[in-house]
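# just a sequence and a predicted model for now, questions to come.
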Amino acid sequence: MSFKEARMIEEEHQADIPTRCRLLEDGGTYTRFARAAIANRMTAASHSLGLSTQALHLSVAVLDRCLPKLSLEPQGRDTLWMLACACLWVAAKYEGPVAPTARGVMEAMQQDTSRAPQLHEFEALVLQALDYRVCACPTAAAFLQLIFLGWPIGFRRLTYHCAWYLVEMSLLEGVLLSVPASEVAAAAFVCACILTSSHIDAAELARVTGYTIITGLWPTIEVMFDVHNVMWHNYCSRSPEQRYAVVELFRRRSFSCVVQHVPGIVSLDDDRLGIILGAPAAAAAAAAVTC
């Protein structure tokens, strides 16, 4: 399946996005901060359980999709975290090849393991809320993989891993819940090229994804830059135990240079914008921001 074919599937589910966004804004238990904390915990848990990036993204997507159809009352926060554990378990089973035990999921999510038997009940709630359609729409991770598969030339190792770092960071930003996953993936890809000073062919980007940098992706790219800056400062100013899970996990891996040596972009005067986008496009971006 190509990126554009996956976008056609995605377009069938765009009507669900406003409902998910409203849930974060209604002042209930599931706030942007709560979602970020859960996504951060899911990131750490998926790593400790040996799950794939695809499973992690699917687990967060499942949570976002099922919560508008479920009630968190009467226990609120406890119910939310049990549902999060169930979503991670469902995604792990879907992506395979070997699913962790209920107790293993609870332990990885730092929840009371004595409640592990209840995870079956919450799993049933999640599946019923989804009408048993676990992966109805491709995730940002799936779209990013399709970009790399469809791109005709190779990439620097740093750029490749930076793109995966950015798309994993995007799980923590509630603002991006209103953005289609395909756009998040394309923006992460372009951001990675900019941050690592790697050339990107705008015509090829449009051919593979259907997106253009300035007129289509720039608002999401700006959000990506902001999230990356937060992660960069988090790495520079915090001890390992205080860092976001994605920062610490990427730092520990063989491609730690993504975290340690790719500073953020804080100004449109950054040389990397001119190198990648060219002077006309950089000027257009500046005008878009001004407007």
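That came through, no problem. None of these values were measured; they are calculated from a predicted model.
# what sits against the closest residue to Ala187 other than its chain neighbours?
With C-beta to C-beta, 6 or more residues apart in numbering as the criterion, Ala187 has its nearest non-adjacent residue at 4.0 Å, and that residue is Thr220. All C-beta spots, glycine's among them, are computed from the backbone N, C-alpha and C. By C-beta atoms under 8 Å, 6 or more residues apart in numbering, the contact set of Thr220 is Leu176, Val179, Glu183, Val184, Ala187.
# Leu176 now?
Contacts of Leu176 by C-beta under 8 Å, 6+ apart are Ser170, Val184, Thr220, Val223.
# just Glu168 next, same as before
Thr43, Thr53, Leu56, His57, Ala141, Val246, Phe250.
# quick one: low-confidence ranges for the protein?
Counting by pLDDT under 70, the chain contains low-confidence ranges at 26-27, 73-75, 253-257, 275-291.
# how does it divide up, domain by domain?
Split into domains by automatic domain parsing, the chain comes to 16-129, 140-290.
# circling back to that earlier point, name the member of the contacts of Leu176 with the most neighbours.
Ser170 (30 neighbours; other C-beta atoms under 10 Å).
# Ala142 sits in which helix or strand?
Using DSSP states H and E, Ala142 maps to helix 140-150.
# for Met8, find the nearest of the domains of the chain.
domain 140-290 (10.1 Å; C-beta to C-beta).
# I'd like the distance from the closest one to the chain centre, please.
With C-alpha atoms, centre = their mean, to the nearest Å as the basis, domain 140-290 stands 12 Å off its chain's centre.
# can you point out the buried residues in stretch 232-240?
Trp232, Asn234, Tyr235 (16 or more other C-beta atoms under 10 Å).
# how about the residues you listed in TSV, adding distance to Leu130?
Formatted as TSV, the buried residues of stretch 232-240 follow (distance: C-beta to C-beta, whole Å):
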residue	distance to Leu130
Trp232	36
Asn234	33
Tyr235	35
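# of the residues you listed, which is the nearest to Glu25?
Asn234 (24.9 Å).
# name the element that closest one belongs to?
Using DSSP H and E, Asn234 falls in helix 218-237.
# which parts of the helix holding Ala142 are buried?
Ala140, Ala141, Ala142, Phe143, Leu144, Gln145, Leu146, Ile147, Phe148.
# backbone dihedrals for Pro97, please?
Dihedral angles of Pro97 (phi, psi; degrees, to the nearest 10) stand at phi -80, psi -20.
# residues near it, how many?
5.
# what separates it from Ala55, distance-wise?
Distance of Pro97 to Ala55, given as C-beta to C-beta, to the nearest Å: 11 Å.
# ok, Ile9 next?
Counting by C-beta to C-beta, the gap from Ile9 to Ala55 is 19 Å.
# more neighbours, the two?
More neighbours surround Ala55 than the other of Ile9 and Ala55, with 23 against 13 (other C-beta under 10 Å).
# which residue is the nearest non-sequential neighbour of that one?
Nearest residue to Ala55, sequence neighbours excluded (C-beta to C-beta, 6+ apart): Glu95, at 3.9 Å.
# for Lys4, same thing?
Gly210 (5.5 Å).
# need the contact list for that neighbour.
Neighbour list for Gly210: Phe3, Lys4, Arg7 [criterion: C-beta under 8 Å, 6+ apart].
# before we move on, back to that, among the buried residues of helix 140-150, which one sits closest to Thr31?
Distance to Thr31, by C-beta to C-beta, is smallest for Ala140 among the buried residues of helix 140-150, at 21.5 Å.
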